[in-house]
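A.B. asks: predicted coordinates and the sequence they were generated for:
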There are 2 protein chains.
Amino acid sequence: MQISKYPEKNTWSELIKRPVIKREEIAEIVEEIFNKVKENGDQALIDFNKKFDGAEVKNINISLEEIENAESLISDELKSAIQKAKENITKFHVSQNVEIEKIETTKGVICWRENRAIDKVGIYIPGGTAPLFSTVLMLAIPAKLAGCKEIILCTPPDKNGNINPAIFYTAKLCGVTKIFKTGGAQAVAAMTFGTESIPNVYKVFGPGNQFVVAAKEYAQNFGVSIDMPAGPSEVLVIADEKAVPAFCSADLLSQAEHGSDSQVIFISIDVKIFNETIKEIEKQIKELPRNEYVQESLKNSHFILLETIEEAVEFSNLYAPEHLILAIEDFENSISKIQNAGSVFLGNYSCESAGDYASGTNHTLPTNGFAKNYSGVSLDSFVKKITFQHLSKEGLQNLAKTIEIMAEAEGLFAHKNAVSIRLNQDNERI
Amino acid sequence: MQISKYPEKNTWSELIKRPVIKREEIAEIVEEIFNKVKENGDQALIDFNKKFDGAEVKNINISLEEIENAESLISDELKSAIQKAKENITKFHVSQNVEIEKIETTKGVICWRENRAIDKVGIYIPGGTAPLFSTVLMLAIPAKLAGCKEIILCTPPDKNGNINPAIFYTAKLCGVTKIFKTGGAQAVAAMTFGTESIPNVYKVFGPGNQFVVAAKEYAQNFGVSIDMPAGPSEVLVIADEKAVPAFCSADLLSQAEHGSDSQVIFISIDVKIFNETIKEIEKQIKELPRNEYVQESLKNSHFILLETIEEAVEFSNLYAPEHLILAIEDFENSISKIQNAGSVFLGNYSCESAGDYASGTNHTLPTNGFAKNYSGVSLDSFVKKITFQHLSKEGLQNLAKTIEIMAEAEGLFAHKNAVSIRLNQDNERI
């Protein structure tokens, strides 16, 4: 825990620094994995399952039996919770669908945009310590709403070759079309090139370790697009005198729980709340099972005292946090000042967990300062917007001079001619 | 000109192939340029101006005098044309601004998205044979509408150290904040790292040669985002018996005029129109000043006869053209079937030049098959969408069980605790 009391602004650039990611070594390993998957297809994935996940898997395809069994393996309580979350996520993402609006920019010239789903998308779900079925919800629901025809999911098997049944259940519920037992950079490679079993896709989504992140970036060299670049998860909490230290502490710890590289920043403008939150952390941390991650992550966390909410928001805009919690009374007044953030939680009852699971917003958000230039995942992430235009003869006449003069000034005479020839009487056949 | 009459579907994958881009050599050169710019700042740019553009430029900054002179150097006719284009582009891009819609996903749980401009953006405008002031319109107008605070423009000087006055005029008209005399990969490096004169930006836009394209991709390693990956410009024209060969030919030639690597595809379902269009090309080509590009580009062009419009659209979706012209009578019926395209031009009077300059749509579009997974530039390209959420105490109560069950099933107890602690009576201070 690094404490800074009223730091000078010229020291802020140090405080907002993220851990540096070692790129080169990883890049080489990823390239090698891509080459193997391209050459050996499914067999490469089976070999990597053994090598990296210690799993003996004869077939990366999921059997019908496994999917059917999944339903009986999870509690009705969990099923209901997943369904409720699905309902809210659906409501919020449906609302992102914009009606087609045709604009007549000049008389006879009509322009508009229409959404078209990205035909084939791939979702990566990490294995490891937490089975992230919530991420299945966050990616498969908008993919299905957008109308993607192929929605495939890759996730690594555990040592026994199994996948958590909650992932199966959620994937089936949300319209995933195919699931495969493969993880890491090799899964991304498989979705990029395709294998005997796995279809190639046009866009890859989902979180992962540094190899998965590097693999997604590398995949872009082969025409695949990705949801966004990524780094460790982060939260920044801003608290005033009306904040509740126990709540702030719980939010900071829930972020720290994600992994030892999670980024946690706490800013208060009130000394009492500041000190009490630190005490609360020491108290609450003892109760947590993922203690080792939390301890590690807190070592790099910053606890900062500032003078005003304006300053705190300024700091936050500079840091550009993935999650921003405004545990302040007059949050309404700060909304318009927030320039860079992935998702913002307003007031004392809007905990990050709500957005992580069930409020309806997407939890796939820009980290590592990318909130300066990227949005989180939304319905838009699964579509392209195609522009259409129709010019009547009158429409073209109205624009002809403008186009001809500009084309000529750019030295593009064939561009000019495409207009002139249409308005030349001799060519009128229609 | 490569002619294919009723090709079998299993040969289509050959017909849609783009020219392969040599990546490795270029990547090395770009990396070296980035290193030099990072080390030597402005001086590196001055050196590269001399080396690559043969221009002796003492200062990469533009003088006030140069900008003021520009206005007197271009005709009133061109000024009016640029203004008219600006008006239409503004109308269409303003319409892309979506009202904030707050969604109550569960009673007491309110979620919404708000646009925030990307603070600092950079526009690259190529020099060379055509002074692309139209691209200044296409990028600076939405940047200004989005509210970007810093909109910088880099463009290479000619041999005399000058910039085309139409670029100055358009940049000033559209709210560009700073202009610099630097081009190629070095300009992209300067916008990525910043130099003494050039501020670093968060997102880089604009077309360029293969070095600029590679530089934009490389810039992403340093946290900068880009409008989209790129390749040579393309058009695909679909013509039925009501198409006008002279118009089709003019459209194909206007694409071929862009550069010797431009991609031109003509599909007809009518033999007469097919043959006449080929004849028209031979006729019209003689009149064009940029003849050498056109000849070269036509060598790789495909002229394809197919049976039906459905087949033609199917081919087009597979090719995913940057520009698609439907020179067919019943274009209305085909709109919903178009799955992959950048911008679509409907009917005999909607020539690509209209969209290139003045109809209002953006001309920065996905090439090289990227229309499968990327949209063209729009207002959205200059903003991030931030999600906000507010849960009242009642709202959190309504979602509590759902969140707690899911968090526990994912093994994330601190996430669960962030909810539980808020609903525990002892913690109620507010």
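C.D. replies: Cool, got the structure. Numbering: from 1, shown residues only, chains lettered A, B, ... in the order given.
A.B. asks: could you pull out the strands for the stretch 251-400 of chain A?
C.D. replies: In the stretch 251-400 of chain A, the segments counted as strands under DSSP state E, counting those that start in this stretch are A:263-268, A:302-305, A:323-327, A:343-346, A:383-391.
A.B. asks: and the longest one with strand B:323-327, angle?
C.D. replies: For strand A:383-391 and strand B:323-327, the angle between their directions (axes from the mean of the first three to the mean of the last three C-alpha atoms, to 10 degrees) works out to 40 degrees.
A.B. asks: ok, the third one next?
C.D. replies: Strand A:323-327 and strand B:323-327 are oriented at 100 degrees to each other (the same axes, to 10 degrees).
A.B. asks: could you list the buried residues of strand A:323-327?
C.D. replies: Residues A:323-327 are the ones in strand A:323-327 that count as buried (16 or more other C-beta atoms under 10 Å in any protein chain shown). (Each C-beta comes from the backbone N, C-alpha and C, glycine too.)
A.B. asks: now A:Ser225: phi and psi?
C.D. replies: In terms of degrees, to the nearest 10, the main-chain angles of A:Ser225 are phi -100, psi 170.
A.B. asks: residue contacts, it?
C.D. replies: Residues in contact with A:Ser225 (C-beta atoms under 8 Å, 6 or more residues apart in numbering or on different chains) are A:202-204, B:370, B:373-374.
A.B. asks: swap in 10 Å and give it another go.
C.D. replies: Taking C-beta atoms under 10 Å, 6 or more residues apart in numbering or on different chains, we find A:Ser225 in contact with A:118, A:121, A:201-205, A:216, A:219, A:381, A:384, B:228-229, B:366, B:370, B:372-374.
A.B. asks: likewise for A:Trp112?
C.D. replies: By C-beta under 10 Å, 6+ apart, the neighbours of A:Trp112 are A:100-104, A:385-390, B:92, B:95, B:361.
A.B. asks: what residues are bridge-paired with it?
C.D. replies: Taking DSSP bridges as the rule, A:Trp112 bridges to A:Phe388.
A.B. asks: state the number of residues packed around the residue nearest to A:Asp240 when sequence neighbours are not counted.
C.D. replies: Once flanking residues are discounted, A:Asp240 sits nearest to A:Ile328: 4.2 Å by C-beta to C-beta, 6 or more residues apart in numbering or on different chains. A:Ile328 has 25 neighbours, counted by other C-beta atoms under 10 Å in any protein chain shown.
A.B. asks: again, but for the one 10 residues further on
C.D. replies: The tally of other residues near A:Ile338 (other C-beta under 10 Å) stands at 20.
A.B. asks: who are the neighbours in contact with the residue nearest to A:Asp240?
C.D. replies: The contact partners of A:Ile328, by C-beta under 10 Å, 6+ apart, come to A:237-243, A:268-270, A:309, A:312-313, A:334, A:346-348.
A.B. asks: kindly report the same for A:Gly411.
C.D. replies: Contacts of A:Gly411 (C-beta under 10 Å, 6+ apart): B:129-132, B:257, B:289-290.
A.B. asks: buried ones among the contacts of A:Trp112?
C.D. replies: Listed as buried from the contacts of A:Trp112 are A:103-104, A:385-390, B:92, B:95, B:361; burial here means 16+ other C-beta under 10 Å.
A.B. asks: any idea how far the residue lying closest to A:Asn362 once chain neighbours are set aside lies from chain B?
C.D. replies: Using C-beta to C-beta, 6+ apart and skipping residues adjacent in sequence, the residue nearest A:Asn362 is A:Val377, 4.7 Å away. Per C-beta to the nearest C-beta, to the nearest Å, A:Val377 is found 10 Å from chain B.
A.B. asks: count the residues that sit near A:Val377.
C.D. replies: The number of residues packed near A:Val377 is 24, by other C-beta under 10 Å.
A.B. asks: for it, give me the pLDDT.
C.D. replies: A:Val377 carries a pLDDT score of 98 in this model.
A.B. asks: related to what we said a few turns ago, out of the buried ones among the contacts of A:Trp112, flag the one nearest to B:Thr192.
C.D. replies: Closest approach between the buried ones among the contacts of A:Trp112 and B:Thr192, by C-beta to C-beta: A:Lys385, at 27.1 Å.
A.B. asks: what about A:Asn417, neighbour count?
C.D. replies: Residues near A:Asn417, counting by other C-beta under 10 Å, number 25.
A.B. asks: wait, A:Ala230 touches A:Val204, no?
C.D. replies: No. Counting by C-beta atoms under 10 Å, A:Ala230 stays clear of A:Val204, with 11.6 Å between them.
A.B. asks: joint contacts of the two?
C.D. replies: Residues within reach of A:Ala230 and of A:Val204 at once, by C-beta under 10 Å, 6+ apart, are A:212, A:216.
A.B. asks: show me what contacts the one residue sitting closest to the centre of chain A?
C.D. replies: The residue lying closest to the centre of chain A (C-alpha atoms, centre = their mean) is A:Thr364, at 3.0 Å. Listed by C-beta under 10 Å, 6+ apart, the contact set of A:Thr364 reads A:135, A:138-139, A:142, A:205-207, A:227-228, A:230, A:322, A:342-343, A:376-378, A:381.
A.B. asks: residues contacting the closest residue to it other than its chain neighbours?
C.D. replies: Closest residue to A:Thr364 apart from its sequence neighbours, by C-beta to C-beta, 6+ apart: A:Val377 at 3.9 Å. A:Val377 is in contact with A:93, A:135, A:138-139, A:142-143, A:205-206, A:227-228, A:342, A:362-366, counting by C-beta under 10 Å, 6+ apart.
A.B. asks: likewise for A:Thr182?
C.D. replies: A:Thr182 neighbours (C-beta under 10 Å, 6+ apart): A:37, A:42, A:44-46, A:48-49, A:52-53, A:55, A:57, A:60, A:124, A:154-157, A:188-191, A:195, A:197-198.
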